[in-house]
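Engineer: Requesting a structural model of the entry that follows:
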Amino acid sequence: MNLRTRPPTFESGESAGFGAATARSGVSGGSVRLAAIERLLVYASRAIVPLAALTPIEARAERERLTGALRAGHALAPRWHYAPPPADDGLRRALDAAESVLARAPEGPLDALYVGRIRELALEAALCAAAGTRELGRLATARYAASEAGRGTPRGEREPQATALCARWLASSGGASSGSARAHPSAGTVRRAASFATCLALRSDDPHAGSLLQRMRAEVGRLGLPFSVQAAPALAALAATGEDVILVATGRMLTAEVVERTVLHEVHGHAWPRVRARYASSVLFRAGTARGVDEQEGRALWLERRTGWLGTARKRQLATRHDAACAMVDGASFADVVCRLVRMHGASPEEAVVVAERVFRGSDGTFPGLGRERVYLPALLRVQARLEDKPDDEPVLASGQIAVDAVDALRPYAPPVEHHSTKRMPRRGDERD
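Structural biologist: Presented below is the predicted three-dimensional model:
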């Protein structure tokens, strides 16, 4: 998972300065205008943090309450509360001003990419401000579902393909069933699922060298990446990568296979591209393009497949998340979704609650939340199709949060190939010291 770890706040004077700089430059002095917009993009991409803003306060304690109830056969509604949104909207005004300047005087070949990213950041800022309100669902649809809704385009075509892929993965894993999605699972069902899930597992933050926390630190050290690795008790995902930190969830029981796959995903799928972006000649590699965050997740999944870590269990996990997000969009509540995950897909109580928490981020469990899990499978399909057709584009996608449809424009600005990772990625079956 990709996470910008700074809180969604900003200095009003600094963001106001961005707006003033773009306004002063007007339609002349393109280099001054562009420099101000680039500074704004980098600043905004680090300051606007939807996943942090939409994570409930005291998330771990509530997760434990919901999991305990589900083990006893009761699917409860969550009691989530969110930190108040920032009062200052100066950054959003600066983004609006930058978009207006670019619309009045388009000049460079990358202007359309700047505008797309500015609009996406403005939408994500609105998502941060809507935490805990019903407005969140509409904004999330605009941010995530709209990018898949186009007809007759390569991007829009991936939505039905992703739905079909989800169904195939669920069927092949034996997780699909015709049982009622809304009936509460029996206590026996959840006990059996919990017992199976903890076989041959190690706690994610165990001091043992094979735990997720220690393996993540070892791989970062092996590659010499300028990242710290920290334990994060409130994290719903197993791990998340920020600007210079990788967060690892605590207390999760994980098999060695899950540990190694997660290390590959975070370090090679997210951290390495952040390092490579520093050597690019366009700021868009650091600030990202529209949908670049989504398609970096697609590339990380492509890496899992290429190195042998996208096995049956992982496919089932991704498919259940996609299914849960779709069920939420179709009107299911948090309680409905956890029951669906246990009864129809064989999820353990812990897994069901964590997946539903991810899907309903920013909600109270009765109305739709962020639901970004709906973009993973379409993003994988887009990246896979692109690299099957043009395998030489992989170093560009590996250099930042770059969308597939931005590769052609950004190829001349990509970092030199020598800054691509030359150290072998861990593959399934590798021996390690």
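Engineer: got any ranges where the stretch 51-200 of the chain has weak pLDDT?
Structural biologist: Where the stretch 51-200 of the chain drops to pLDDT under 70, the residues are 87-88, 106-107, 146-157, 175-199.
Engineer: immediately after the helix or strand hosting Thr67, which helix or strand?
Structural biologist: According to DSSP states H and E, Thr67 maps onto helix 59-71. Downstream of helix 59-71, the next assigned helix or strand under DSSP H and E is helix 90-104.
Engineer: State the pLDDT value of Glu243.
Structural biologist: Looking at Glu243, its pLDDT is 89.
Engineer: Quick check: phi and psi at it.
Structural biologist: phi -60, psi -40 (degrees, to the nearest 10).
Engineer: ok, it - how many residues close by?
Structural biologist: Neighbour count for Glu243, taken as other CB atoms under 10 Å: 13. C-beta: built from backbone N, CA, C; applies to glycine.
Engineer: what do you get for the one 3 residues further on?
Structural biologist: Using other CB under 10 Å, the number of residues around Ile246 comes to 26.
Engineer: Hmm, Ala232 and it touching each other?
Structural biologist: No. Counting by CB atoms under 8 Å, Ile246 does not reach Ala232; the two are 9.4 Å apart.
Engineer: Mutual contacts of the two, please.
Structural biologist: Residues touching both Ile246 and Ala232 (CB atoms under 8 Å, 6 or more residues apart in numbering) are Ala240.
Engineer: How about the contacts made by Leu54?
Structural biologist: Tyr82, Leu127, Cys128, Ala131, Leu136, Arg361, Gly362, Gly369, Leu370.
Engineer: Dump those to CSV, plus neighbour count.
Structural biologist: Output for the contacts of Leu54, formatted as CSV (neighbours: other CB atoms under 10 Å):
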residue, neighbour count
Tyr82, 20
Leu127, 26
Cys128, 26
Ala131, 25
Leu136, 28
Arg361, 25
Gly362, 28
Gly369, 26
Leu370, 26
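Engineer: Among those, which pair sits farthest apart?
Structural biologist: Taking CB to CB as the measure, the contacts of Leu54 span a maximum distance of 13.3 Å, between Cys128 and Gly369.
Engineer: how about low-confidence regions in the stretch 201-350 of the chain?
Structural biologist: In the stretch 201-350 of the chain, no residues with pLDDT under 70.
Engineer: I'd like to know how far His208 sits from Leu202.
Structural biologist: The spacing between His208 and Leu202, counted by CB to CB, to the nearest Å, is 6 Å.
Engineer: Strands of the stretch 101-250 of the chain, start to end?
Structural biologist: Using DSSP state E, counting those that start in this stretch, the strands found in the stretch 101-250 of the chain span residues 202-203, 228-232, 239-241, 245-249.
Engineer: Which one, of those, ends up nearest to Val417?
Structural biologist: Comparing the strands of the stretch 101-250 of the chain under CB to CB, the one sitting nearest is strand 239-241, at 23.0 Å.
Engineer: Now find how far off-centre that closest one is within its chain.
Structural biologist: Computed by CA atoms, centre = their mean, to the nearest Å, the chain-centroid distance of strand 239-241 equals 9 Å.
Engineer: what does stretch 42-50 give?
Structural biologist: The chain centre lies 14 Å from the centre of stretch 42-50; the measure is CA atoms, centre = their mean.
Engineer: Next: stretch 363-378.
Structural biologist: Distance, centroid of stretch 363-378 to centroid of chain: 11 Å (CA atoms, centre = their mean).
Engineer: Quick check: end-to-end length of that stretch?
Structural biologist: For stretch 363-378, the first-to-last residue distance is 24 Å (CA to CA, to the nearest Å).
Engineer: Show me what counts as buried in that stretch.
Structural biologist: For stretch 363-378, the neighbour count (16 or more other CB atoms under 10 Å) marks 363-365, 367-378 as buried.
Engineer: What mean pLDDT does it get?
Structural biologist: Here the average pLDDT along stretch 363-378 is 96.
Engineer: let's have the chain start at 30 instead
Structural biologist: Got it, the first residue is 30 from now on, which makes the last one we talked about stretch 392-407.
Engineer: Now do stretch 395-404: everything it contacts.
Structural biologist: When contacts are defined by CB under 8 Å, 6+ apart, stretch 395-404 is touched by residues 79-80, 83, 106, 156, 163, 165-166, 169-170, 173-174, 176-177, 323, 326, 350-351, 353-355, 357-358, 362-363, 384, 387-392.
Engineer: As a check, name the ranges of all helices in the stretch 230-379 of the chain.
Structural biologist: 241-252, 285-292, 301-306, 313-316, 321-335, 341-358, 363-374, 378-388 (DSSP state H, counting those that start in this stretch).
Engineer: before we move on, back to that, report the buried members of the contacts of stretch 395-404.
Structural biologist: Neighbour counting with 16+ other CB under 10 Å marks 79-80, 83, 156, 165-166, 169, 173, 176-177, 323, 326, 350-351, 353-355, 357-358, 362-363, 384, 387-392 as buried within the contacts of stretch 395-404.
Engineer: which non-adjacent residue is nearest His299?
Structural biologist: Spatial nearest neighbour of His299, chain neighbours left out: Thr270 (3.8 Å); criterion: CB to CB, 6 or more residues apart in numbering.
Engineer: Go ahead and confirm that neighbour touches Glu295.
Structural biologist: Yes. Counting by CB under 8 Å, Thr270 does reach Glu295; the two are 5.1 Å apart.
Engineer: Quick check: buried residues in stretch 340-352?
Structural biologist: Those would be Arg343, Lys344, Arg345, Gln346, Leu347, Ala348, Thr349, Arg350, His351, Asp352, for stretch 340-352 by 16+ other CB under 10 Å.
Engineer: show me what contacts the closest residue to Gly400 other than its chain neighbours?
Structural biologist: Leaving aside its sequence neighbours, Gly400 sits nearest to Ala354 (CB to CB, 6+ apart; 4.4 Å). Contacts for Ala354 (CB under 8 Å, 6+ apart) come out as Val388, Gly400, Arg401, Glu402, Arg403.
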